[in-house]
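Student: Model the following, please.
(2 chains)
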Amino acid sequence: MKIATFNVNSIKARVETVLTWFKQATPDVACLQEIKCETNAFPALEFEALGYHCAILGQKSYNGVALISKHKIEDVQNGLPGDNADDQARYIEGVVSTKKGAVRVASIYAPNGNPVDSDKYPYKLKWMDRLIAHTKKLLTYEEMFVLGGDYNIIPTVDDVYDAKAWENDALFKLDTRRKLRELVNLGLTDAFRACNATPHLYSFWDYQAGAWQKNNGIRIDHLLLSPQAADRLKTCKIDKHVRAWEKPSDHVPVWCELKL
DNA sequence: ATGCCGGGCGAAGCCCGA
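Tutor: Predicted structure coming up:
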């Protein structure tokens, strides 16, 4: 089973690019982020025409996440628990069942957090605390799950082109990285790092300043696996070539293959 | 270079992202 995460940076602006990738990559499940449209404005018909089911949590203008699956999506949970006042569409979770087993999959768009002296940074850290609390609950089920998404966190110095330039950024500050470690240390596996030791492989390149041409990237899109899913992990790759397409997102797809 | 692109909204120019 191939499970992918892809921050599309507006599904309306990117629908042809994203569909092209779906036809080539044929993921079983894809976690999309930054769809930037309301739930009922998502182009579900185009994905259904390719044989997919859609579970969508959108909002006007910003954020928005979706699960796209070849198999039916059940037990869908809209939103990250822990703060009823939070109306930002950043989390959707569902269960994908096959004859060979069921996998719980979440599509995550964690907050950016910049600038760090604004209320956006504490919101980011608190959001991660909520994700950690929710993950503790998911782990008690002792099932396969994959938390895929744009975490807006650079895990280590090996995941950024210039660590010094990013040391005070909300994506790389020590307090930020501690939150990701706290999450992973619950017992999760960073699928990409489990399969690839090579440093300086990235999932995001800014549109500006020739970042792509200079390979000034960062790795912030992650697939975090429960122990039961990690036991079945075969491979994990970054579809870097997609960044060179016409009208690309600034992120590229990251995907893993599980034995089932 | 805390906005150089690129998208949303909405119809010009500001807000936002990483």
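
Student: wait, what's in contact with residue A:26?
Tutor: residue A:2 (Cβ atoms under 8 Å, 6 or more residues apart in numbering). The way it works is simple: take the backbone N, C-alpha and C, and place the C-beta from them, glycine included.

Student: My error: substitute residue A:11 in the last question.
Tutor: With contact set as Cβ under 8 Å, 6+ apart, residue A:11 has these partners: A:18, A:32, A:35, A:36, A:37, A:42, A:43, A:64, A:66.

Student: Establish whether stretch A:36-49 and DNA strand B are in contact.
Tutor: Yes. Counting by Cβ under 7 Å from any atom of the strand, contacts between stretch A:36-49 and DNA strand B involve A:36, A:37.

Student: mind listing what's buried in that stretch?
Tutor: A:36, A:37, A:39, A:42, A:43, A:44, A:46, A:47 (16 or more other Cβ atoms under 10 Å).

Student: Model confidence for the fourth one, exactly?
Tutor: By that I understand residue A:42. For residue A:42, the model assigns a pLDDT of 98.

Student: tell me, how many neighbours does the closest residue to it other than its chain neighbours end up with?
Tutor: Of all residues not flanking residue A:42 in the chain, residue A:56 sits nearest, at 4.6 Å (Cβ to Cβ, 6 or more residues apart in numbering). Residue A:56 is flanked by 25 other residues according to other Cβ atoms under 10 Å.

Student: which SS state does residue A:56 fall under?
Tutor: strand (DSSP: H, G, I helix; E, B strand; the rest coil).

Student: Quick check: bridge partners of it?
Tutor: As for beta bridges, residue A:56 partners with residue A:66 under DSSP bridges.

Student: which one among the contacts of residue A:11 gets closest to DNA strand B?
Tutor: Top of the list for closeness to DNA strand B, among those and by Cβ to the nearest atom of the strand, is residue A:36 at 4.3 Å.

Student: who touches residue A:82 in this structure?
Tutor: With Cβ under 8 Å, 6+ apart, residue A:82 has these contacts: A:129, A:130, A:133, A:134.

Student: rewinding a little: can you tell me which of the contacts of residue A:11 end up in strands?
Tutor: Using DSSP state E to define strands, the subset of those located there is A:32, A:66.

Student: Switch the contacts of residue A:11 over to CSV; also include distance to residue A:203.
Tutor: As requested, the contacts of residue A:11 are exported to CSV (distance: Cβ to Cβ, whole Å):
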residue, distance to residue A:203
A:18, 16
A:32, 14
A:35, 18
A:36, 19
A:37, 22
A:42, 23
A:43, 24
A:64, 19
A:66, 18
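
Student: Return the subset of the contacts of residue A:11 lying in helices.
Tutor: residue A:18 (DSSP state H).

Student: quick one on the thing from earlier: mark which of the contacts of residue A:82 are buried, thanks.
Tutor: In these, the ones that pass as buried (16+ other Cβ under 10 Å) are residue A:134.

Student: hang on, isn't residue A:219 packed against residue A:205?
Tutor: No. Residue A:219 is beyond contact range of residue A:205, at 10.8 Å (criterion: Cβ atoms under 8 Å).

Student: thinking again about what came up before, please give me every residue in contact with the residue nearest to residue A:42.
Tutor: Residue A:56 neighbours (Cβ under 8 Å, 6+ apart): A:35, A:39, A:42, A:44, A:64, A:65, A:66, A:67, A:92.

Student: Dihedrals phi and psi, the closest residue to DNA strand B within the stretch 51-200 of chain A?
Tutor: The nearest approach of the stretch 51-200 of chain A to DNA strand B comes at residue A:114, 3.1 Å away (Cβ to the nearest atom of the strand). Per-residue torsions, residue A:114: phi -90, psi 150 (degrees, to the nearest 10).

Student: Just give the nearest non-adjacent residue to it, would you?
Tutor: Using Cβ to Cβ, 6+ apart, the nearest residue to residue A:114 is residue A:170, at 4.4 Å.

Student: distance of residue A:80 from residue A:35?
Tutor: Distance of residue A:80 to residue A:35, computed by Cβ to Cβ, to the nearest Å: 16 Å.

Student: In terms of neighbours, single out the busier of these two.
Tutor: Using other Cβ under 10 Å, the more surrounded residue of residue A:80 and residue A:35 is residue A:35, with 30 against 20.
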